[in-house]
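>>> I would like the atomic coordinates for the input below:
(one chain, ligands or ions: 1)
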Amino acid sequence: MTAKEELAKVCNLVYEKGYVAAFDGNLSNRVGSNRILITPSGKNKGEIKPDDLLLIDLSGNTIEGDGEPSTESKIHLFGYKYRPEVNAIVHAHPIFATAFATIGESLNKPVFPEVVLTLGKVPLCKYATPSTEQVTDSMQSHIEYAWAFLLENHGAVSFGKSIMDAFYKMEKLEHACKILAIARTLGRERQIPLLKLKELYSIAESTYGINIHPKNRMDY
Ligand SMILES: [Zn+2]
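Alright, predicted model coming up:
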């Protein structure tokens with residue numbers, strides 16, 4: 001499968017999963033040191049085909065393809081600039097994650113062990129006017145460590161080492177937010193106790209070789 005085919009497939013998946021409506025959302029994949037495949041603006045992600053995708057450089061110039069790059073290209077260029085290990089970015093408006101972003105709540109507390117290890121802290125980025133540099137400014141203080149971000153009154157962003165990784169991180173975030181929302185109709189979630197949390201990090205490091213950025217840890 002080519003990079004374009006894979007990115008188009010994930011675009012379709014994001015729409016089928018209900019993470020975006022109408023023309024919402026944008027996805028990209030780093031394909032070279034100064035080359036990014038990105039979705040065009042004004043297209044439904046369920047209908048994206050490989051040839052609809054645009055090739056741009058890290059300054060946002062279109063190298064190949066018809067149409068305008070996503071209006072949120074700044075989020076993508078920002079992510080690739082600051083995080084060399086990030087090769088794919090998904091921005092979407094999943095219902096439960098966006099609901100948390102709308103009540104102004106971050107996901108910084110240790111509740112689900114796999115979320116602690118795969119996403120770590122999911123910060124809330126203050127409300128910013130879409131498509132402007134305000135959005136990347138709101139992400140700036142979290143850019144060095146986070147794999148997923150909540151954008152206040154807007155949606156979510158996930159980073160990945162590959163496009164499937166970025167998709168799975170968005171799926172994980174939405175799944176966690178959905179469980180939390182339902183848990184709160186029944187009561188209040190309990191957090192993982194500090195000692196158990198330290199044990200979890202130590203097993204993750206020693207057994208699975210997972211290396212977590214100090215600022216992404218929840219045990220301090
Ligand atoms: Zn958006």
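>>> So what's the residue count around residue 190?
Neighbour count of residue 190, defined by other CB atoms under 10 Å: 8. Every C-beta, even on glycine, is put in place using the N, C-alpha and C of the backbone.
>>> where does it land on pLDDT?
pLDDT recorded at residue 190 is 97.
>>> Remind me which helix or strand it belongs to.
Using DSSP states H and E, residue 190 maps to neither a helix nor a strand.
>>> Distance of it relative to residue 110?
10 Å (CB to CB, to the nearest Å).
>>> Was I right to think residue 23 contacts residue 39?
No. With contact defined as CB atoms under 8 Å, residue 23 does not count as touching residue 39 (9.8 Å).
>>> More neighbours: which of the two?
residue 39 (28 against 15).
>>> For this structure, which residues score under the pLDDT cut-off?
220 (pLDDT under 70).
>>> can you tell me which helix in it is longest?
helix 163-186 (DSSP state H).
>>> Work out the gap between it and the centre of the chain.
11 Å (CA atoms, centre = their mean, to the nearest Å).
>>> So which bits of the helix or strand that comes right after that helix are buried?
Once helix 163-186 ends, the next helix or strand along the chain (criterion: DSSP H and E) is helix 194-208. Using 16 or more other CB atoms under 10 Å as the burial criterion, the residues of helix 194-208 that qualify are 197, 200-201, 204.
>>> Give me the contacts around helix 194-208.
For helix 194-208, contacts defined as CB atoms under 8 Å, 6 or more residues apart in numbering pick out 110, 113, 116-117, 192, 210-212, 217-219.
>>> any chance you could map the strands in the chain?
26-32, 35-38, 54-56, 62-64, 88-92, 124-125, 148-151, 155-160 (DSSP state E).
>>> Deepest-packed of those strands, please.
strand 88-92 (a mean of 29; mean count of other CB atoms under 10 Å).
>>> Touching that one from outside, list them.
10, 14, 19-20, 24-30, 72, 75-76, 79-80, 155-163, 165-167, 169-170.
>>> so what strands line up beside that strand?
Strand 88-92 pairs in its sheet with strand 26-32 (antiparallel), strand 155-160 (antiparallel), by DSSP bridges.
>>> Specify the angle between that strand and helix 163-186 in degrees.
40 degrees (axes from the mean of the first three to the mean of the last three CA atoms, to 10 degrees).
>>> Distance from the chain centre to strand 88-92, please.
5 Å.
>>> ok, so what distance separates the most centrally placed residue in the chain from residue 168?
Taking CA atoms, centre = their mean, the centroid of the chain lies closest to residue 158, which sits 0.9 Å from it. Distance from residue 158 to residue 168, counting by CB to CB: 8 Å.
>>> Next: residue 56.
24 Å.
>>> likewise residue 81?
Distance, residue 81 to residue 168, using CB to CB: 23 Å.
>>> Looking at these two, which one has more neighbours?
Between residue 81 and residue 168, residue 168 has the larger neighbour count (other CB under 10 Å), namely 15 against 12.
>>> Would you agree the more buried one is in contact with residue 160?
Yes. At 7.3 Å, residue 168 and residue 160 qualify as touching, with contact defined as CB under 8 Å.
>>> any idea how far the residue in the chain sticking out farthest from the centre is from residue 82?
Residue distances from the centre of the chain (CA atoms, centre = their mean) peak at residue 195, which lies 28.9 Å from the mean C-alpha position. From residue 195 over to residue 82 the distance is 34 Å, taken as CB to CB.
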